[in-house]
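Q: My questions concern the predicted model and sequence given below.
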Number of protein chains: 2
Amino acid sequence: MKRKITLKQIARELDVSISTVSKALRNSAEISDDTKQKVQAFAKLYNYRPNNIALSLKNRKTKTIGIIIPEIVHYFFAKVIRGIELVANRRGYNVIIGLSNESFNKEVINMEMLANGSIDGFVLSISKDTLAQQDYHHFYETINQGMPIVMFDRVVNEVNCDKVIVDDLKGSKKAVNKLIENGCKNIAIITTKDYVSVGKLRTQGYLEALEDHGIEPQSDLILKIVEELDSEDHLEDLEAEIEQLFKENKKIDGVFAVNELYALTAMKIARKLKKKIPEDIQFIGFTDGVLSKHATPSLTTVSQHAQTMGEQAAELLIDKLENEDDEENYQTVVIETELIERESTK
Amino acid sequence: MKRKITLKQIARELDVSISTVSKALRNSAEISDDTKQKVQAFAKLYNYRPNNIALSLKNRKTKTIGIIIPEIVHYFFAKVIRGIELVANRRGYNVIIGLSNESFNKEVINMEMLANGSIDGFVLSISKDTLAQQDYHHFYETINQGMPIVMFDRVVNEVNCDKVIVDDLKGSKKAVNKLIENGCKNIAIITTKDYVSVGKLRTQGYLEALEDHGIEPQSDLILKIVEELDSEDHLEDLEAEIEQLFKENKKIDGVFAVNELYALTAMKIARKLKKKIPEDIQFIGFTDGVLSKHATPSLTTVSQHAQTMGEQAAELLIDKLENEDDEENYQTVVIETELIERESTK
DNA sequence: TTGTACGCGTTATCAG
DNA sequence: CTGATAACGCGTACAA
């Protein structure tokens, strides 16, 4: 078992100084061709590679991006990561991941851990817990220390940084418009509590779309799910809530759900209640997921272009990292959504 | 914007030496209570945290685990990562991710990048490309350099290291036995080419289960999909292959598929051919995925316990990292599979 | 009780 | 053309 070889070892073996070796390997003009060849040959033989940690310490940059996301077992976030990783690698960066698991504490701890020199900047999406508590001190502190942050999807206006978001409002308007065009008269929305920014915006889009068409919103058609029911473990409770919605509002002929799970669960309940899709009720979800594509019937969705979001976020961050100048110049990139029509709508 | 504070700065401000500060912060008995308090108060005020990079360089360990996986937009791998991250964080480690994207080259490049000091050890699953080429030199080299590797799921006997696998053979036998018990007489298998180790083992399990029940395997019931059709982009081709299978073998009354996509696609085709599930044909998949749970009908599967695999792999790696002694003592942990019965079987 | 010196691996600067 | 030295930030053995 040979340990990784260092400049020092090469220097000793070849009986030259460390700095000579260093220069020879970087093809410096200062070094004679003779020595260069000797050193380079030796280095290649022993497969010399400079130690990243030492370089990081010296250069005060790690060439590593920290990602903080609430959850990895989630198609949307996984796709964003793929996008980030793609761009990061292309631009010579690595990617290190911290999961907040939707918890404020884990988000803070993970960020502190990574901020102490391990990374050059963050790409992150805020946990629900943090959004509910509205405590953003860890973001401010990080930014104050000169470490840039790019937020995506779940962002917050209070924090001044680059952002990549989806046009949630326009996207959900597109969806609801589609339902209206398709003849739906009583459109329900299944959404989250308002502190989840995207949920709020999507609800707003729903309301605006109705308004645009002169339809009076009915509060009993708006179902706001508490976050606790989001997990797969509480599927039954989610189902119960949705079933109640349908039972109390038999006239529902269109459903807009702000995520995949809600949409699929709603379709499941509708089937259980012997409703035909899309004849009796039409469904549209808001997501990028696989479930939608493979559901029966397949689900019409508003696609968020998750991978593009990741790519853009990584570009923004690396641009900031590599341009000292435009420090205080933050931008918000809006990714266009796209309505993907499948079998759950007419 | 205040940059992160260092020992040196604290020392200068308080007009003591760097080592005094260092010792004071670690509560060394050498330092007077007076100085300790002064230093600690100052450090707290400026929120001092030791620089990870400097510590890594000094200690020659990064407290970071490198993960190399073929694909992140994949429920199984995402769950494994969650398991790794869980254990890693609990034991004070971070997690850095490299995606091979199923390519040999990217696998090698990513590993080299991380191996140069960025991490202490790898947890990885081999790319299909690498398995096909059977070129494992990068694994050997990494191990030779004293950097431990733990492989999971897609492993290879040639490489001597810790491994975490699923009892693929037993798992698929369970599945096929179930189909046989349920009265299936003509059971097809949809699997991968043999170089994917798990595909091979699962095929073998299928054959053994048949044999155990005195059923003669029929080669036209064994469909081996080329890897190119795995991606979502080639769904139509996959569908065509499966449709042909069904059309040429109308007597098929049971299907065992080695992954989720194959199983769902097969169910879709069966429906298209007006077969009733599970009355006419029963289906079992091999996977942990969400698709199975939410499919219509929901899919009976052999669960791999992905998260447990990740946890075990991380434990193995960290154990090795923290115990210098048991160097050459490699073990293979086998995770038991579990048959989860849903609507696609009787 | 405090401070000095060293080393982790690298590169840049300056001296020889 | 080559080598010594300093610095990145930290911890620790040893000296004062």
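A: Done, it's in.
Q: For the rest of this, base every contact and every neighbour count on C-alpha atoms.
A: Noted.
Q: Any part of the lowest-mean-pLDDT helix or strand in chain A near chain B?
A: In chain A, no helix or strand scores lower on mean pLDDT, DSSP states H and E than helix A:290-294, which sits at a mean of 89. Yes: residues of helix A:290-294 contacting chain B under C-alpha under 8 Å from any C-alpha of the partner chain: A:290-291, A:294.
Q: okay if I get the residues you listed as JSON lines plus neighbour count?
A: Shown next, in JSON lines, are the residues of helix A:290-294 next to chain B (neighbours: other C-alpha atoms under 10 Å in any protein chain shown):
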{"residue": "A:Val290", "neighbour count": "17"}
{"residue": "A:Leu291", "neighbour count": "22"}
{"residue": "A:His294", "neighbour count": "19"}
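Q: And those residues, which is closest to DNA strand D?
A: For the residues of helix A:290-294 next to chain B, the minimum distance to DNA strand D (C-alpha to the nearest atom of the strand) is 45.0 Å, reached by A:Val290.
Q: show me the contacts for that closest one.
A: If you count contacts by C-alpha atoms under 8 Å, 6 or more residues apart in numbering or on different chains, A:Val290 has them with A:75, B:291.
Q: before we move on, what about A:Asn94?
A: Per C-alpha under 8 Å, 6+ apart, neighbours of A:Asn94: A:63-65, A:85, A:88, B:96-98.
Q: Show only the entries of those residues found in helices.
A: A:85, A:88 (DSSP state H).
Q: Return only those of the contacts of A:Asn94 found close to DNA strand D.
A: By C-alpha under 7 Å from any atom of the strand, no member of those lies near DNA strand D.
Q: Next secondary structure element downstream of the stretch of helix or strand A:Gln9 belongs to?
A: Under the criterion of DSSP states H and E, A:Gln9 resides in helix A:7-14. Next in sequence after helix A:7-14, counting helices and strands by DSSP H and E, comes helix A:18-25.
Q: residues in chain A within reach of DNA strand D, list them.
A: A:15-20, A:29-36, A:54, A:57-60.
Q: Please identify the buried residues of the helix holding A:Gln9?
A: Buried residues in helix A:7-14, counted by 16 or more other C-alpha atoms under 10 Å in any protein chain shown: A:7, A:10-11.
Q: try stretch A:126-139
A: Of the residues in stretch A:126-139, those buried (16+ other C-alpha under 10 Å) are A:126-131, A:136, A:139.
Q: Ends of it, what's the gap?
A: The straight-line separation of the ends of stretch A:126-139 (C-alpha to C-alpha, to the nearest Å) is 10 Å.
Q: wait, does it contact chain B?
A: No: for stretch A:126-139, no contact with chain B is found by C-alpha under 8 Å from any C-alpha; the gap never falls below 12.1 Å.
Q: which residue sits closest to the closest residue to chain B within chain A, ignoring its sequence neighbours?
A: Nearest residue of chain A to chain B (C-alpha to the nearest C-alpha) works out as A:Ile96 at 4.1 Å. Distances taken as C-alpha to C-alpha, 6 or more residues apart in numbering or on different chains place B:Ile96 nearest to A:Ile96, at 4.1 Å, with adjacent residues excluded.
Q: what sits against the one you found?
A: A:94-97, B:64-67, B:119.
Q: Let's see the ChimeraX selection covering just the buried ones among those.
A: The following ChimeraX line selects those of those that are buried, judged by 16+ other C-alpha under 10 Å:
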select /A:94,95,96,97 /B:64,65,66,67,119
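Q: Please identify which of the contacts of B:Ile96 is nearest to B:Leu169.
A: Using C-alpha to C-alpha, B:Ile67 comes nearest to B:Leu169 of the contacts of B:Ile96, at 25.8 Å.
Q: Secondary structure class of that closest one, three-state.
A: Under DSSP: H, G, I helix; E, B strand; the rest coil, the three-state class of B:Ile67 is strand.
Q: which residues does it form a beta bridge with?
A: Following DSSP bridges, B:Ile67 is listed with bridge partners B:Ile97, B:Val123.
Q: State the distance from A:Leu201 to A:Phe286.
A: Taking C-alpha to C-alpha, one finds A:Leu201 at 12 Å from A:Phe286.
Q: Going by how many neighbours each has, rank the two and give me the top one.
A: Higher neighbour count among A:Leu201 and A:Phe286: A:Phe286, with 28 against 19, using other C-alpha atoms under 10 Å in any protein chain shown.
Q: which residues sit in contact with the more buried one?
A: A:172, A:256-260, A:301-304.
Q: In helices, which of these appear?
A: Among those, the residues falling in helices (DSSP H) are A:172, A:260.
Q: For the contacts of A:Phe286, pick the one with the most neighbours.
A: In terms of neighbours by other C-alpha under 10 Å, those top out with A:Thr301 at 32 neighbours.
Q: Can you pull out the low-pLDDT segments for the stretch 201-346 of chain A?
A: In the prediction, the stretch 201-346 of chain A carries residues with pLDDT under 70 at positions A:227-231, A:324-327.
Q: Quick check: the residue of it nearest DNA strand D.
A: For the stretch 201-346 of chain A and DNA strand D, the shortest gap (C-alpha to the nearest atom of the strand) falls at A:Leu321, measuring 16.9 Å.
Q: all helices of the stretch 1-150 of chain A, in order?
A: Here the stretch 1-150 of chain A has its helices, by DSSP state H, counting those that start in this stretch, at A:7-14, A:18-25, A:33-45, A:52-59, A:75-90, A:104-115, A:128-133, A:137-144.
Q: Could you single out the most deeply buried of those?
A: helix A:75-90 (a mean of 22; mean count of other C-alpha atoms under 10 Å in any protein chain shown).
Q: Give me the contact list for that helix.
A: A:65, A:69, A:71-72, A:94-95, A:287-290, A:306-315, A:318, B:72-75, B:78, B:98-99.
Q: tell me the average confidence for it?
A: In this model, helix A:75-90 has an average pLDDT of 95.
Q: Kindly calculate the angle that it makes with helix B:104-115.
A: Angle of helix A:75-90 versus helix B:104-115, following axes from the mean of the first three to the mean of the last three C-alpha atoms, to 10 degrees, is 80 degrees.
Q: Convert helix A:75-90 to PDB, retaining C-alpha atoms only.
A: This file holds the C-alpha atoms of helix A:75-90, laid out as PDB (Å, rounded to 0.1, in the frame of the first residue of the first chain):
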ATOM      1  CA  TYR A  75     -37.600  13.600  -8.000                       C
ATOM      2  CA  PHE A  76     -37.600  17.400  -8.100                       C
ATOM      3  CA  PHE A  77     -34.600  17.900  -5.900                       C
ATOM      4  CA  ALA A  78     -32.700  15.000  -7.400                       C
ATOM      5  CA  LYS A  79     -33.100  16.600 -10.800                       C
ATOM      6  CA  VAL A  80     -31.900  19.900  -9.500                       C
ATOM      7  CA  ILE A  81     -28.900  18.300  -8.100                       C
ATOM      8  CA  ARG A  82     -28.200  16.700 -11.400                       C
ATOM      9  CA  GLY A  83     -28.300  20.100 -13.000                       C
ATOM     10  CA  ILE A  84     -26.000  21.600 -10.500                       C
ATOM     11  CA  GLU A  85     -23.600  18.800 -10.700                       C
ATOM     12  CA  LEU A  86     -23.500  19.000 -14.500                       C
ATOM     13  CA  VAL A  87     -22.500  22.600 -14.600                       C
ATOM     14  CA  ALA A  88     -20.300  22.400 -11.600                       C
ATOM     15  CA  ASN A  89     -18.200  19.600 -13.100                       C
ATOM     16  CA  ARG A  90     -18.000  21.300 -16.400                       C
END
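Q: Confirm that A:Ala188 sits in a helix.
A: No: A:Ala188 is assigned strand when assessed by three-state DSSP, not a helix.
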